[in-house]
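1. Below: sequence and its predicted model.
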Amino acid sequence: MADRKARVAVLVSGGGTNLQAIIDAEKSGAIHSGHVCLVIANNAGAYAIQRAQAAGIPALVILKKECGSQQAFEEQIARAIEENNIDLIVLAGFMAILSESFTSRFDHRIINVHPSLIPSFCGAGFYGLRVHEAALKKGVKVTGATVHFVNEIPDGGEIIQQKAVRVFPNDTPETLQKRVMRQAEWKILPSAVEMLCANMIDQ
Ligand code: GAR
């Protein structure tokens, strides 16, 4: 794969600030071994789609409801990934669980960013603000974010990078979410993307 950039697809469901962090990192050169070629959203209203369009990245909307089944939904995503010769799939706020048949098809080629220090506050039911609500309820003084490979166990794949973030006494789930994004997610996700893409083009 020498002389070329790894081809990256980013899967999104919502605001897309992590997608934006990757786009900005590519623009600044912090990501230079990979190129975001495709964005796939499972929600037609996702603001992330506008971020992709503003950056000139093709964006596809694939709705599970329209596909009819989990299997057909995953098949459509897999087809788009394969047709676009994607090397690395990044789940960036992608709020859908992918089955083993999908994750094993792209073994060690799917990564996810999760807004806690795994193994705390992760697994089924822990996503978005709920993660920060649970962290505050528990009273942890430190939380953070994790980038990990995706396998058949929700948030259970091998950890790639983590970064800790302080919790303050007056935090709300919203203030904590923002700090975790700014201090951890938007840093470790682009960094992990560059590291993995560099490894891929080195092979
Ligand atoms: C991020 O905090 C991400 O870590 C989280 O959803 C948010 C999406 O924000 N993902 C999960 O909870 C997955 N389990 P974004 O759309 O602005 O990137």
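-> Now that the structure is in, tell me what you want to look at.

2. Going by C-alpha atoms from here, please, whenever you check contacts or count neighbours.
-> Fine.

3. Spell out which parts of the protein neighbour the ligand.
-> Counting by CA under 6 Å from any ligand atom, the residues of the chain close to the ligand are 14-19, 92-93, 113-115, 127-128.

4. how about the helices of the protein, start to end?
-> 17-28, 47-54, 64-67, 70-83, 100-105, 129-138, 173-180, 186-202 (DSSP state H).

5. Would you mind putting the ones you listed into TSV with mean neighbour count alongside?
-> Shown next, in TSV, are the helices of the chain (neighbours: other CA atoms under 10 Å):
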stretch	mean neighbour count
helix 17-28	19
helix 47-54	19
helix 64-67	13
helix 70-83	16
helix 100-105	14
helix 129-138	17
helix 173-180	18
helix 186-202	20
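
6. With mean pLDDT and distance to Ile160 as added columns, please give those helices in TSV.
-> Output for the helices of the chain, formatted as TSV (pLDDT from 0 to 100; distance: least, CA to CA, whole Å):
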stretch	mean pLDDT	distance to Ile160
helix 17-28	98	16
helix 47-54	98	24
helix 64-67	97	29
helix 70-83	98	22
helix 100-105	98	17
helix 129-138	98	20
helix 173-180	98	17
helix 186-202	97	7
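
7. Of the ones you listed, which is nearest Ala41?
-> helix 47-54 (7.1 Å; CA to CA).

8. elements contacting the closest one?
-> When contacts are defined as 3 or more CA pairs under 8 Å, 6 or more residues apart in numbering; DSSP states H and E, helix 47-54 sits against helix 17-28, strand 34-41, strand 59-61.
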